[in-house]
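Trainee: sequence-free structure coming up:
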């Protein structure tokens, strides 16, 4: 009997999950997910980022099998899993509320999925032991969930979802239930464990910091569809629309018109200033565009900058101290308010500016992104 | 005297008044069960003769045993049907007739027992006329008590189901449970406390009931409340005081034991949570 020919010319990154034109409509009218397609490669940590009601959780729940798509298909490792119930998918999920079984001990929680698979007892014990070590919870094996702290509960939830060695791990707001101080350490622990196991992940979050630090690629979602998909730095530094620029981090947006359009630079005239952008853009002279400028890329000074481009003048109306940096709100003569973030790199906090001062904001010619209207 | 002490005296007096109102009748009953006199309201001297009479009173003893049996079986039936009702109302997707079921299932809670008893009686008589059964007796009393109890059990189970995290069901399914496995591996163990309290509640309801039983009972099936009630009409006999005292003692012990147990559990849980919190901060 001939064996199926092996594909030799596989493309370098192996696609694990493929979502094809998936739409989810609730009650016949509400479009929660609108014709979304995406692929997740093996070993990748992929984040779905968006505000509440953007459809990210619905999409995740369709991957897990808790919701069925109205239209479209979902493939895992080439197999159509669109209509498989959750208990037949080699996919496990870590819930935001952890959903640990309160009547079972840590050990039994982790063994729960393995027992359902009918794994022999000695193998279960071995696997659970491994998982407990991974989460550094060995001495808590016999405790009930309520006898653990929040961070420990979270690690139990994580290793419980890893115990069955799923092909795909889904994380629903993995750090959502923890306080800020705990988040940073837990985030690292989480990524370390995931990388040690080498499992492919899709995570859902509304927190851009969480998405940027954990994920290798991010999909920014709004109103049921993807605004932009890319690596964290690409999404942050090269947003493809005002919505993305606005959603990820803080941004100052200027409206203007392309005045000069060359291969190596463009100038954009705005009411407040003229931007000199040090690279070419796809556009033409006279085209209305937006210019996005991140606050941390603006430098403030009380002296008028030289040259005619890339600066503007205004009055300091607000100073917000964050410890590591300070944000100045500058009211320009046109009435527009821009934010500038200055790093507090000495303990002498004043960069010489205080409320009511006139100040000059300037930036270099690679600091901004030109966005089509 | 200051305002505060005034308030304190008043509140203490008020508390004593309430306790007297609640427990003086019961206390009197207990004391008179040890009275030697045949008259229920005249104290002569202490004796156990009515307890002796109680042991020899086969009618009363068999009525108590019948009541216990009915209460036990009907409470089991109530919990069984009540749990399914609660599930249908809370865990299933909206179905046609859900609102109707929801209001109908709580109807026995507000409907006067006399009406429920009467309508059940009429129904049983006509069914018996057409089909030749059921004979009025144990089965019909059980039916009536289970009907009433199901409504109460559904309320108790519903409140527990509502506060349970429905993500637990999803987590179980995610880890490989088929829906029926989710039910008996996760939902049922977590519902157990509610099932026990539903059982105790419906047991008490059934044990206590005189109205439904009177309508639905047949010859040879007199429950304890029915016997007490009928004897009271003929003039009270201190044996009744004795059986009442025995019941009171049993109930009091059960209540005290269960409240000790639950408060012990709550304290233990609190201690463990505090321990987990302080451990994590080390």
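Mentor: Noted; the coordinates are in hand. Fair warning: this is a prediction, and the values are worked out from it, not measured in the lab.
Trainee: list the contacts of the residue in the stretch 251-373 of chain A that chain B sits nearest to.
Mentor: Chain B sits closest to residue A:323 of the stretch 251-373 of chain A, with a gap of 23.4 Å, by Cβ to the nearest Cβ. The way it works is simple: take the backbone N, C-alpha and C, and place the C-beta from them, glycine included. Neighbour list for residue A:323: residue A:344 [criterion: Cβ atoms under 8 Å, 6 or more residues apart in numbering or on different chains].
Trainee: got the phi and psi for it?
Mentor: When quoted as degrees, to the nearest 10, the phi and psi of residue A:323 stand at phi 100, psi -80.
Trainee: the one 3 residues further on now?
Mentor: With angles defined as degrees, to the nearest 10, residue A:326 sits at phi -130, psi 140.
Trainee: nearest residue to it in space, please, no chain neighbours.
Mentor: In space, and not counting its chain neighbours, residue A:326 is closest to residue A:342: 5.4 Å by Cβ to Cβ, 6 or more residues apart in numbering or on different chains.
Trainee: how many other residues sit next to that neighbour?
Mentor: Neighbourhood size, residue A:342 [other Cβ atoms under 10 Å in any protein chain shown]: 18.
Trainee: same question for the one 10 residues further on.
Mentor: The local packing count at residue A:352 equals 11, with neighbours defined by other Cβ under 10 Å.
Trainee: repeat that for residue A:136.
Mentor: Residue A:136: 13 neighbours (other Cβ under 10 Å).
Trainee: do the same with the one 3 residues further on
Mentor: For residue A:139, the number of neighbouring residues by other Cβ under 10 Å comes to 8.
Trainee: measure residue A:142 to chain B for me?
Mentor: Computed as Cβ to the nearest Cβ, to the nearest Å, the residue A:142 to chain B distance reads 12 Å.
Trainee: quick revisit: remind me which helix or strand the residue nearest to residue A:326 belongs to.
Mentor: strand A:337-343 (DSSP states H and E).
Trainee: gap between the helix or strand following that strand and the chain center?
Mentor: For strand A:337-343, the following helix or strand on the C-terminal side (DSSP H and E) is strand A:358-362. Here strand A:358-362 is found 33 Å from its chain centre; the criterion is Cα atoms, centre = their mean, to the nearest Å.
Trainee: mind listing what's buried in stretch A:241-253?
Mentor: By neighbour count with 16 or more other Cβ atoms under 10 Å in any protein chain shown, stretch A:241-253 contains the buried residues A:241, A:242, A:244, A:245, A:247, A:248, A:249, A:251, A:252.
Trainee: tell me where chain B has helices.
Mentor: For chain B, the helices defined by DSSP state H occupy B:3-33, B:49-56, B:58-90, B:98-105, B:107-110, B:113-131, B:138-163, B:167-174, B:179-182, B:188-208, B:211-216, B:224-233, B:238-280.
Trainee: can you pull the buried residues of the fifth one?
Mentor: Spelled out, it's helix B:107-110. residue B:108.
Trainee: so for it, mean pLDDT?
Mentor: Taken as a whole, helix B:107-110 carries a mean pLDDT of 84.
Trainee: which strands and helices lie in contact with it?
Mentor: helix B:138-163 (3 or more Cβ pairs under 8 Å, 6 or more residues apart in numbering or on different chains; DSSP states H and E).
Trainee: any bit of the helix it packs on sitting next to chain A?
Mentor: No: Helix B:138-163 lies apart from chain A when judged by Cβ under 8 Å from any Cβ of the partner chain; the minimum separation is 11.9 Å.
Trainee: picking that back up, take the buried residues of stretch A:241-253 and write them to JSON lines, including distance to chain B and pLDDT.
Mentor: Shown next, in JSON lines, are the buried residues of stretch A:241-253 (distance: Cβ to the nearest Cβ, whole Å; pLDDT from 0 to 100):
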{"residue": "A:241", "distance to chain B": "34", "pLDDT": "88"}
{"residue": "A:242", "distance to chain B": "36", "pLDDT": "86"}
{"residue": "A:244", "distance to chain B": "31", "pLDDT": "89"}
{"residue": "A:245", "distance to chain B": "35", "pLDDT": "87"}
{"residue": "A:247", "distance to chain B": "27", "pLDDT": "84"}
{"residue": "A:248", "distance to chain B": "29", "pLDDT": "84"}
{"residue": "A:249", "distance to chain B": "31", "pLDDT": "82"}
{"residue": "A:251", "distance to chain B": "36", "pLDDT": "88"}
{"residue": "A:252", "distance to chain B": "41", "pLDDT": "90"}
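Trainee: need the max-distance pair from those residues.
Mentor: A:241 and A:252 (15.7 Å; Cβ to Cβ).
Trainee: list the buried ones in the host helix or strand of residue A:107?
Mentor: Counting by DSSP H and E, the element that carries residue A:107 is helix A:106-116. For helix A:106-116, a neighbour-count test (16+ other Cβ under 10 Å) marks A:106, A:107, A:109, A:110, A:111, A:112, A:113, A:114, A:116 as buried.
Trainee: check contacts around residue A:158.
Mentor: A:94, A:135, A:174, A:190, A:193 are the contacts of residue A:158 under Cβ under 8 Å, 6+ apart.
Trainee: out of the residues you listed, who's the most crowded?
Mentor: That'd be residue A:174 among those, by other Cβ under 10 Å, with 28 neighbours.
Trainee: rewinding a little: which strands or helices does the strand holding residue A:342 pack on?
Mentor: Packed next to strand A:337-343, using 3+ Cβ pairs under 8 Å, 6+ apart, are strand A:299-301, strand A:311-321, strand A:325-332.
Trainee: residue ranges with poor pLDDT in the stretch 1-150 of chain A?
Mentor: For the stretch 1-150 of chain A, the stretches with pLDDT under 70 are A:1-12.
Trainee: which parts of it sit against chain B?
Mentor: So the stretch 1-150 of chain A meets chain B at A:64-66, A:85-87, A:91-93, A:95, A:97, A:99-103, A:112-113, A:116-117, A:143-144, A:146-150 (Cβ under 8 Å from any Cβ).
Trainee: one more time with 7 Å, if that's ok
Mentor: Within reach of chain B by Cβ under 7 Å from any Cβ of the partner chain, the stretch 1-150 of chain A has these residues: A:64, A:66, A:86-87, A:92-93, A:95, A:97, A:99, A:101-103, A:112-113, A:116-117, A:146-149.
Trainee: give me the subset of these lying in helices.
Mentor: A:64, A:112, A:113, A:116.
Trainee: on that earlier part again, my read: the residue nearest to residue A:326 touches residue A:298, true?
Mentor: No: applying Cβ atoms under 7 Å, one finds residue A:342 not in contact with residue A:298, separated by 8.5 Å.
Trainee: returning to what we had before: of the residues of the stretch 1-150 of chain A next to chain B, grab the buried ones for PyMOL.
Mentor: Buried residues within the residues of the stretch 1-150 of chain A next to chain B, by 16+ other Cβ under 10 Å, are selected in PyMOL with:
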select buried, chain A and resi 64+66+86+87+92+93+95+99+101+103+112+113+116+147+148+149
